[in-house]
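[1] Here is my input, please return the structure:
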Amino acid sequence: MTFELAAHNWMRPEPLEVTLQRLSRLGYSGIEIMAEPTRYDPAEVRPLLEKNRIRCWGGVSIMLASRDLIHGDKYIRIGAIEYLKDSITLVHELGGEIMTIVPSEVGKVVAMADPEVEWSWAVEGLKRVADHARSCGVRIALEPLNRFETNFLNRHDQALTLAEHIGEDIGVCLDAFHINIEEADPLQAIRNTGSKLFDFHIADTNRRAPGEGHWDWAKLLQTLKDVGYNGMLTTEFVVPMDRSPLAGAREESGTEASAEELKFIRDHGSDLMSDAEYSIHFENCIKHIRASEAAEVGA
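    Now for the predicted structure:
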């Protein structure tokens with residue numbers, strides 16, 4: 001079995017067609033589109049997907065200060081529910097299967113209420129979101145992040161517990177970067193998640209593209225196969241910007257971002273990259289995954 005590769009598109013703001021052309025040229029099969037339902041019109045996106053022979057695997061929530069299922073402000077929680085429902089509709093209309101959800105604002109690490117209260121807010125909100133997902137035929141995957149990006153879900157067992165409280169059809173998304181930080185045994189976390197693993201994000205131990213850190217990708221990919229995971233692997237590298245003299249001269253990015261987009265990217269330790277630099281990491285990723293699959297087969 002050879003995994004199909006997809007990619008997120010939030011790491012470099014650019015026209016969607018530029019992203020899709022790059023993915024098609026480098027051998028990717030899908031996109032896990034950033035969930036911005038007011039930005040993407042399915043009637044415009046579908047022809048771009050078809051033209052570039054890229055499938056919408058799903059979507060990923062972009063959780064900002066105004067989108068938080070466990071926020072202390074009731075109306076922000078309500079807004080987050082409606083945002084996630086609209087995002088699921090977008091995924092459905094693009095033919096996607098998965099909606100990966102981070103329940104709370106990315107970067108928020110200070111609680112706004114007691115654990116029991118926050119948990120009840122998350123369950124209440126996600127049950128409403130899940131009802132809509134079922135009506136659209138889209139599966140929900142809850143994603144734990146590392147402790148420096150959220151204080152809510154950090155490990156697979158927490159995500160599995162939250163999934164159980166919402167419904168038996170709710171699953172989990174694991175990310176190679178995050179589980180490397182938070183799990184005592186990252187591969188065992190994959191095994192424990194088992195059939196509830198609905199989505200898997202790939203970045204190396206330093207959050208660069210696979211092959212640019214020290215993950216044993218042949219072993220990781222074999223573990224995914226062992227548990228029966230047959231979904232796409234979604235690339236989500238975030239390359240840190242070297243601001244020391246070692247970086248040398250940098251190419252102009254050739255792209256622009258809104259203040260909100262730029263903050264989200266910079267909060268992840270990155271910045272705007274040029275098309276050429278960004279493309280190199282995508283190429284490195286798919287080459288390393290294919291080489292790791294070949295090494296695993298030959299072992």
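[2] where do the strands sit along the stretch 51-200 of the chain?
    55-60, 98-101, 139-142, 171-175, 197-202 (DSSP state E, counting those that start in this stretch).
[3] So which of those strands is the most surrounded?
    strand 98-101 (a mean of 28; mean count of other C-beta atoms under 10 Å). Where you see a C-beta, it was placed from the backbone N, CA and C, and this is true even at glycine.
[4] and Ala259, which of the strands of the stretch 51-200 of the chain is closest to it?
    With respect to Ala259, and counting by C-beta to C-beta, the nearest of those is strand 55-60 at 20.9 Å.
[5] Give me the mean pLDDT for the closest one.
    Averaged over strand 55-60, pLDDT sits at 98.
[6] ok, now stretch 28-45?
    Stretch 28-45 comes out at a mean pLDDT of 97.
[7] Can you check the distance spanned by that stretch, start to finish?
    17 Å (C-alpha to C-alpha, to the nearest Å).
[8] One more: stretch 264-279?
    End to end - C-alpha to C-alpha - stretch 264-279 spans 20 Å.
[9] next one: it to chain centre, how far?
    Mean C-alpha position of stretch 264-279 versus that of the full chain (C-alpha atoms, centre = their mean, to the nearest Å) differs by 16 Å.
[10] can you give me the helices in the stretch 101-250 of the chain?
    115-136, 156-166, 176-182, 186-193, 217-226 (DSSP state H, counting those that start in this stretch).
[11] Could you identify which of those is most buried?
    helix 176-182 (a mean of 22).
[12] Point out where the stretch 151-299 of the chain drops to low pLDDT.
    296-299 (pLDDT under 70).
[13] Let's have the strands of the stretch 51-200 of the chain in a markdown table, adding distance to Ile289.
    Formatted as a markdown table, the strands of the stretch 51-200 of the chain follow (distance: least, C-beta to C-beta, whole Å):
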| stretch | distance to Ile289 |
| --- | --- |
| strand 55-60 | 15 |
| strand 98-101 | 19 |
| strand 139-142 | 20 |
| strand 171-175 | 15 |
| strand 197-202 | 7 |
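[14] Nearest to Ala189, out of those?
    The nearest among the strands of the stretch 51-200 of the chain, by C-beta to C-beta, is strand 171-175 at 6.6 Å.
[15] distance between the closest one and the chain's centre?
    9 Å.
[16] One more: stretch 149-159?
    That offset, for stretch 149-159, works out to 14 Å (C-alpha atoms, centre = their mean).
[17] repeat for stretch 115-132
    For stretch 115-132 - counting by C-alpha atoms, centre = their mean - the centre lies 20 Å from the chain centre.
[18] got the CA coordinates for that stretch in CSV?
    Coordinates of each C-alpha in stretch 115-132 appear next as CSV, following Å, rounded to 0.1, in the frame of the first residue of the first chain:
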residue,chain,number,x,y,z
PRO,A,115,-11.8,22.1,33.6
GLU,A,116,-15.3,20.6,34.1
VAL,A,117,-17.0,23.7,32.7
GLU,A,118,-14.7,23.9,29.7
TRP,A,119,-15.2,20.2,29.0
SER,A,120,-19.0,20.7,29.1
TRP,A,121,-18.8,23.6,26.7
ALA,A,122,-16.7,21.5,24.3
VAL,A,123,-19.1,18.6,24.4
GLU,A,124,-22.2,20.7,24.0
GLY,A,125,-20.7,22.6,21.1
LEU,A,126,-19.3,19.6,19.3
LYS,A,127,-22.5,17.6,19.6
ARG,A,128,-24.3,20.4,17.7
VAL,A,129,-21.5,20.4,15.1
ALA,A,130,-21.5,16.6,14.9
ASP,A,131,-25.3,16.6,14.1
HIS,A,132,-24.6,18.8,11.1
